[in-house]
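> Predicted model follows, preceded by the sequence.
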Amino acid sequence: MSAMATPDPDGKAATPPRRRYDSPRRREQAAQTRERIIDAGSALVHSFARWDWSDLTFRAVAERAGVGERTVYRHFPNESDLHEAVLRRLEEEAGITYEGLDLDQLPEITTRSFATLSSYAVPRWTPEGPEDGPLILKDQRRRDALVAAVARHTADWPENQREMATGMLDVLWHVPSYERLTTMWNLDGDQATKAITWVIGLLVDAIHEGQRPDSA
């Protein structure tokens, strides 16, 4: 028996309440669709001969995922949100996480970060506009993790010396350093990574031993 609509005070039949279609099954399907969209974005990044954010469009991702553009919009209000989700997926694929980063993990995380550069056509690090927002957010997460990691081992250091040490690690653990070694010094990716992690290891050891940079 179908439910009868309750009449309103004027004696007119009220509109039956709209049936809710939210359910665990629908939520699961929505989550699976979202994952398929992110997977498609990641696959596109790996396939680009020359990759930049402008190539990672709603249309391109929708076609790769086998869904309509409106479906992508339902999960990601704008392309910046989509790009950020894809960038985080690329980090997951590389086993990169900045949460709870410790200095002793820095050489290993740096190696993983630079190893991904050979698996897709990473853009040169020249943020110039809103389309570069995900890269900027990624770099902010990286630097925040680095600041926290150094601070845990330099609580008794003057702030300027702590910033000098953190800044040097930041310069080394950054894509432009890798790019310069591979383009200006003709090192291959593995050599560039080993050179950078070698120096990072020396700085990490110095911090552990309490060797502070001179005050500016």
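Structure's in. What do you need? Numbers count the residues shown, from 1 in each chain.
> from here on, contacts and neighbour counts on C-alpha atoms
Will do.
> any idea how far the longest helix that the chain contains is from the chain center?
Longest helix in the chain by number of residues (criterion: DSSP state H): helix 24-47. Average the C-alpha atoms of helix 24-47, do the same for its chain, and the two points are 16 Å apart (CA atoms, centre = their mean, to the nearest Å).
> Do I have it right that residue 193 meets residue 114?
Yes: counting by CA atoms under 8 Å, residue 114 is a contact partner of residue 193 at 6.7 Å.
> so what's in contact with these two at the same time?
Here residue 193 and residue 114 have residue 178 as joint contacts, going by CA atoms under 8 Å, 6 or more residues apart in numbering.
> Pick out whichever of these two has more residues nearby.
Legend: neighbour count by other CA atoms under 10 Å for residue 193 and residue 114, higher for residue 193 (24 against 20).
> residues touching the more buried one, list them.
Counting by CA under 8 Å, 6+ apart, residue 193 touches 110, 111, 114, 178.
> Am I right that residue 154 is in a helix?
No: using DSSP: H, G, I helix; E, B strand; the rest coil, the assignment for residue 154 is coil, not a helix.
> Let me see the contact set for residue 30.
Contacts of residue 30 (CA under 8 Å, 6+ apart): none.
> secondary structure element for residue 98?
According to DSSP states H and E, residue 98 maps onto no helix or strand at all.
> Look at it and say how many residues are nearby.
17.
> Need phi/psi at the residue nearest to it when sequence neighbours are not counted.
Of all residues beyond its chain neighbours, the one nearest residue 98 is residue 145 (5.8 Å), with distances taken as CA to CA, 6 or more residues apart in numbering. Main-chain torsions, residue 145, degrees, to the nearest 10: phi -60, psi -40.
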